[in-house]
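>>> Give me coordinates for this.
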Amino acid sequence: MLDLIIRGGQVVTPGGVGAWDVAVQGERIVAVTQPGTLTRDVGRIIDASGHVVIPGGIEPHAHASLPLPYPGVRDQGLRAAPPDVISKACVFGGTTTVVDFANWRPGIALPQAIEEKDRLYRAHCYADYTFHGVLVGMGTEGSTPERAVALPLEVIDQVPELIQGGFTSVKVWTTNATTKRPRQMMDMGHVAAVMERVAAAGGVLAVHAEDEDVVMYMYRRLHAEGRTGTEFLHEAHNNLSEDLSFRRVIRLAEWTGTAVYLMHVSAKEGVQAIAEGRRRGLPIYGETLHHYATFTHEVYREPDGPLYHTYPSLKFREDGDALWRGLVDGPLSTVATDVLFCSRPVKLSGRTIEDTVGGNAATEERVGITWTEGVAKRGMALERFVDVTSANAAKILGMYPRKGALLPGSDAD
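Numbers count the residues shown, from 1 in each chain. Below you'll find the model as predicted:
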């Protein structure tokens with residue numbers, strides 16, 4: 001006896017789109033077949049007529065219970081909302097797998113960071129989940145911009161163990177983002193060393209890529225000119241910074257033979273750099289955020305402007321248009337949210353280039369916005385819609401075809 005048959009809908013599979021029946025037993029898909037060919041008894045039938053049937057979405061960029069690193073809220077010891085809040089929003093929006101970050105901190109081994117994050121999620125998450133390993137740990141253990149603990153070389157050597165344990169991605173930063181946040185960046189020498197370990201283990205390096213020299217110069221200049229409001233964030237985190245940093249990271253990836261996942265692409269120059277790398281056959285993947293593609297820096301001037309911000313920054317209309325083109329036609333691989341849930345007062349508490357709170361709460365809306373802006377408005381193919389909301393993340397992070405596909409043997413998400 002089958003537990004469930006979904007019939008009558010447009011079913012999006014790796015082999016195309018068709019009016020197939022999808023049979024589920026337990027938590028797995030057991031058949032995708034022509035209508036009427038499943039004759040076994042079934043416990044439940046869902047009539048999906050007039051609807052599209054897709055794999056559960058994958059949110060590749062989430063921050064649950066993160067100690068907020070922004071001045072003001074950091075001093076209050078505030079944290080982002082826990083896994084149950086994020087995952088409930090995901091499930092309501094059609095996302096069934098969450099990828100969070102396990103931040104290394106001084107005094108522990110890298111695999112222990114995974115164990116600690118797993119304890120936070122276990123029995124407190126409504127969706128499936130996994131983690132990116134993170135170097136360095138967001139300035140934990142009392143780190144400040146002036147005082148930081150150097151990343152031990154032995155932790156870099158632990159990267160292959162993490163990847164071989166099934167956590168296939170490791171994240172680094174190439175900027176500290178602001179002058180007041182705890183030190184988090186890694187210089188290019190250390191990035192190259194991490195890349196070598198990632199490549200040898202068959203993993204992927206996730207990168208928050210900005211050019212530290214450009215960003216810090218712009219912060220100095222904006223302070224000197226008295227232009228320090230949230231509305232100037234796009235000048236500090238600018239197109240030049242993304243262009244330079246992406247190209248340096250891609251060149252290092254080419255040098256070391258490493259797969260790279262460039263997070264929250266925000267500028268047309270970033271899209272172009274990724275496109276050029278992919279044309280050379282390099283395994284370079286780009287993630288953008290749906291609100292980066294939809295809004296511009298002009299919203300920062302609104303009374304609730306900080307609600308729209310996450311780092312690096314919103315930019316110009318031509319950048320948003322390039323991001324949507326990158327999602328519809330390639331070369332961008334995934335659409336994410338950079339999920340961080342906090343209260344509205346906390347999100348609005350910072351109004352300068354130093355203390356504006358990052359993160360975006362709209363993970364529930366991620367799949368729907370991609371449908372409206374991508375499929376309905378721009379003609380994104382249904383197969384491509386599945387790619388950017390689910391399948392590509394599953395492939396990049398080693399979960400495919402268990403996740404991201406409607407195939408016999410796949411999870412019935």
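
>>> Pull up the pairing partners for the longest strand along the chain, direction included.
Secondary structure assigned by DSSP state E gives strand 95-103 as the longest strand of the chain. Strands that pair with strand 95-103, judged by DSSP bridges, come out as strand 57-59 (parallel), strand 128-134 (parallel).

>>> Helix or strand next in line after it, which one?
Per DSSP states H and E, the first helix or strand lying C-terminal to strand 95-103 is helix 110-121.

>>> List the buried residues of that next one.
For helix 110-121, the neighbour count (16 or more other C-beta atoms under 10 Å) marks 110-111, 113-114, 117, 121 as buried. The C-beta positions use only the backbone N, C-alpha and C, and glycine is treated the same way.

>>> Now find how far off-centre it is within its chain.
19 Å (C-alpha atoms, centre = their mean, to the nearest Å).

>>> What lies in contact with that helix?
With contact meaning C-beta atoms under 8 Å, 6 or more residues apart in numbering, helix 110-121 is reached by 64-65, 82-83, 100-105, 108, 129, 131, 133-135, 137, 155, 158-159, 161-162, 165, 167.

>>> Of those residues, just the buried ones, PyMOL syntax please.
Command for PyMOL, covering only those of the contacts of helix 110-121 found buried under the criterion 16+ other C-beta under 10 Å:
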select buried, resi 64+65+83+100+101+102+103+104+105+129+131+133+134+135+137+155+158+159+162+167
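
>>> if we can go back for a sec, so for the longest strand of the chain, mean pLDDT?
The predicted model assigns strand 95-103 a mean pLDDT of 97.

>>> how about that strand as CSV, C-alpha atoms only?
Only the C-alpha atoms of strand 95-103 are listed here, as CSV (Å, rounded to 0.1, in the frame of the first residue of the first chain):
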residue,chain,number,x,y,z
THR,A,95,11.4,25.4,1.8
THR,A,96,12.2,22.1,3.5
THR,A,97,15.9,22.2,4.0
VAL,A,98,17.9,24.9,5.8
VAL,A,99,21.7,25.4,5.6
ASP,A,100,23.1,27.3,8.5
PHE,A,101,26.6,28.1,9.6
ALA,A,102,28.7,26.3,12.3
ASN,A,103,31.2,29.0,13.4
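
>>> For residue 204, give me its contacts.
168-170, 198, 258-261, 283, 285, 396-397.

>>> For residue 149, give me the pLDDT.
Per-residue pLDDT puts residue 149 at 68.

>>> Equivalent analysis for residue 146, please.
pLDDT, residue 146: 55.
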